[in-house]
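K.L.:
fold the following for me, if possible:
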Amino acid sequence: MGQAISDIKATAAKQNPEAERRANDSLTGLYDLAKIQNQLFLSTVSNDQDRNKIPIQKIVTDETLMLCDIDMRSDMIAAEIERSCGNFATGDVAKGMGSVLSNSLRALFGSARDNSNQTQKYFIAVGKLGYPLRIDMNLYVYSFTSDALRQVTKNVLIVSATVSSINIATLHEVDIKRAVSYCYGDVEMDLQQRIFDRFMEIRQTTRPGL
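P.N.:
All right, here's what the predicted structure looks like:
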């Protein structure tokens, strides 16, 4: 599925000093790039004017997940990302998010150009405490071409995730249905319906005057 940076560096250290140096230089450079990408992504989410998306109220947290030497098993990687967001997506919502991510990663791996590729995903979700949230993700994959570096790690996947609070209390039913379709449109209809029903329950309990 993938390894943590520390594991890759430990493996390189066992090979020889030169392999360790190359691994450190390359992975540190990619990690610095990930931090820059994350800052740009945060700014994009904060200022998002896309009318297809439910606007955020406040960014709750942002996280970066970096996996090395991934084996392109999109379903397993999606499950790992899903687990890392476990506090912010539960039940049918988490299942739907995992399915969408698996499809997106499969497309990402299959269409990489110039040894790198990226895509962005947006979800409305329900956390463990039952509050509606919005999760924005930037998925970036980089494949090394140098034989020396490929001995250490073939590729790296960087996932930047931003979790924000949203208000669905004043949304109409059609708005929620449209949002669910926009986020989860490539999962089976039965699961889409259950996700929609969950958000309607939450809207009912958070509407003013109730």
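
K.L.:
tell me the secondary structure for Gly130?
P.N.:
With DSSP: H, G, I helix; E, B strand; the rest coil as the basis, the three-state label of Gly130 is coil.

K.L.:
wait, it touches Gln204, no?
P.N.:
No: using C-beta atoms under 8 Å as the test, Gly130 is too far from Gln204 to be in contact (12.0 Å). (C-beta placed from N, C-alpha, C; glycine too.)

K.L.:
other SSEs contacting whichever strand or helix holds Gly96?
P.N.:
Assigned by DSSP states H and E, Gly96 falls within helix 91-110. Here helix 91-110 touches helix 74-84, strand 116-126, strand 132-143, helix 173-184, helix 189-206, going by 3 or more C-beta pairs under 8 Å, 6 or more residues apart in numbering; DSSP states H and E.

K.L.:
highest average neighbour count across these?
P.N.:
Of all those, strand 132-143 carries the top mean neighbour count, a mean of 22, counting by mean count of other C-beta atoms under 10 Å.

K.L.:
so what does that one touch, helix or strand wise?
P.N.:
Where contact means 3+ C-beta pairs under 8 Å, 6+ apart, strand 132-143 is packed against helix 17-46, helix 91-110, strand 116-126, strand 155-165, helix 189-206.

K.L.:
one more time with 10 Å
P.N.:
In terms of contacts (3 or more C-beta pairs under 10 Å, 6 or more residues apart in numbering; DSSP states H and E), strand 132-143 is packed against helix 17-46, strand 58-68, helix 74-84, helix 91-110, strand 116-126, strand 155-165, helix 173-184, helix 189-206.

K.L.:
and the helices and strands packed on helix 91-110: which comes nearest Asn52?
P.N.:
Proximity to Asn52 (C-beta to C-beta) singles out helix 173-184 among the helices and strands packed on helix 91-110, at 5.4 Å.

K.L.:
contacts for that closest one, please.
P.N.:
50, 52-54, 92-93, 95-97, 99-100, 121-125, 132, 134-135, 166, 168, 171-172, 187, 189, 191-200, 202-203 (C-beta atoms under 10 Å, 6 or more residues apart in numbering).

K.L.:
give the contact list for the residue nearest to the spatial centre of the chain.
P.N.:
The centroid of the chain falls nearest to Met137 when counting by C-alpha atoms, centre = their mean (3.9 Å). By C-beta under 10 Å, 6+ apart, Met137 lies in contact with 41, 63, 65, 81, 85, 97, 100-101, 104, 119-123, 159-163.

K.L.:
need the residues that contact stretch 31-49.
P.N.:
Identification of contacts with stretch 31-49 by C-beta under 10 Å, 6+ apart yields 5, 50, 53-56, 58-59, 62-66, 118, 120, 122, 134-138, 140, 142, 156, 158-164.

K.L.:
check stretch 51-58 too.
P.N.:
Against stretch 51-58 from outside (C-beta under 10 Å, 6+ apart): 45-46, 48-49, 122, 124, 132-134, 136, 162-168, 171, 175-176, 178-179, 181-183.

K.L.:
go again using 8 Å as the cut-off
P.N.:
Contacts to stretch 51-58, defined as C-beta atoms under 8 Å, 6 or more residues apart in numbering, come from residues 45-46, 48, 122, 124, 134, 164-168, 171, 175, 178-179, 182.
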